[in-house]
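K.L.:
here's my sequence, what's the structure:
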Amino acid sequence: MNTDERNNTPAEESAPETETAPAPETAAPETPAAETPEPSSPEEALRKELAEAKAAIAEDKDKYLRLLAEYDNFRKRSSRERDNIYADVKADTIAKLLPVYDNLERALKQETADEAYRKGVEMTMNQFMEVLKGLGVTPIEALGKTFDPKEHNAVMHLEDPEKGEQEITAEFQKGFRMGERVIRFSMVQVAN
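P.N.:
Residues are numbered from 1 along each chain as shown. Below you'll find the predicted structure:
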């Protein structure tokens with residue numbers, strides 16, 4: 001029994017030693033083989049992650065630039081619309097004040113014995129014209145000029161061989177423009 005036990009014991013002892021020894025040898029070759037693919041896998045994963053992050057950043061940058069361009073266009077469009085609305089309101093307001101000019105002009109054409117009255121009307125007319133000038137409104141010259149449908153409204157026609165073709169011979173109502181925009185057309189008589 002002792003011998004069997006001793007034989008078994010050393011056999012059992014040597015078996016674990018044999019099993020233990022090959023395990024590190026088997027594990028040692030697997031570790032380098034496993035380490036070689038594993039570092040390339042994390043590198044590849046990192047490269048892939050980096051490429052995805054760069055693509056996401058590029059996409060976000062593109063969205064940002066597009067949004068920035070849209071906002072800039074919106075700001076410019078809003079500014080133009082605001083300027084146009086201001087010009088429209090200004091032109092409409094001035095058009096509503098032009099009958100005051102017409103009445104002052106008629107008052108100046110009337111004969112009066114009261115010079116103080118006449119001087120007061122002239123002063124009012126001069127002040128009104130200064131206000132219009134300050135707003136950028138200028139009268140349209142018509143009398144003696146060639147008819148231009150962009151500035152004049154012909155309400156009468158006159159056959160006169162002494163006058164030129166399409167020459168304006170009379171002005172019934174003064175026209176005004178604000179910059180290049182006509183606020184009110186001149187009402188005129190055209191010859192030939």
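K.L.:
gap between residue 169 and residue 161?
P.N.:
12 Å (C-beta to C-beta, to the nearest Å). Heads up, the C-betas are built off the backbone N, CA and C, glycines and all.
K.L.:
tell me the pLDDT of the residue nearest the centre of the chain.
P.N.:
What sits nearest the mean C-alpha location of the chain, by C-alpha atoms, centre = their mean, is residue 76, with 2.5 Å. Per-residue confidence at residue 76 stands at 96 (pLDDT).
K.L.:
looking at residue 169 and residue 161, which is more packed in?
P.N.:
The neighbour count for residue 169 versus residue 161, taken as other C-beta atoms under 10 Å, is higher for residue 169 (19 against 6).
K.L.:
surely the more buried one meets residue 160?
P.N.:
Yes. Using C-beta atoms under 8 Å, residue 169 is in contact with residue 160, at 6.9 Å.
K.L.:
between those two, what contacts are shared?
P.N.:
Taking C-beta atoms under 8 Å, 6 or more residues apart in numbering as the contact rule, residue 169 and residue 160 both touch residue 191.
K.L.:
just give me how far stretch 176-192 sits from the chain centre.
P.N.:
33 Å (C-alpha atoms, centre = their mean, to the nearest Å).
K.L.:
then it to CSV, C-alphas only?
P.N.:
Coordinates of each C-alpha in stretch 176-192 appear next as CSV, following Å, rounded to 0.1, in the frame of the first residue of the first chain:
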residue,chain,number,x,y,z
PHE,A,176,-43.3,114.7,-57.2
ARG,A,177,-40.7,111.9,-56.8
MET,A,178,-38.8,110.6,-53.8
GLY,A,179,-35.4,109.4,-55.1
GLU,A,180,-36.2,107.4,-58.2
ARG,A,181,-39.7,106.6,-57.1
VAL,A,182,-42.6,108.7,-58.5
ILE,A,183,-45.0,109.6,-55.7
ARG,A,184,-47.4,111.5,-58.0
PHE,A,185,-47.4,111.9,-61.7
SER,A,186,-47.5,115.3,-63.3
MET,A,187,-50.9,116.0,-64.9
VAL,A,188,-50.0,117.6,-68.2
GLN,A,189,-51.1,118.7,-71.7
VAL,A,190,-49.0,117.3,-74.6
ALA,A,191,-48.6,118.9,-78.0
ASN,A,192,-48.6,117.1,-81.4
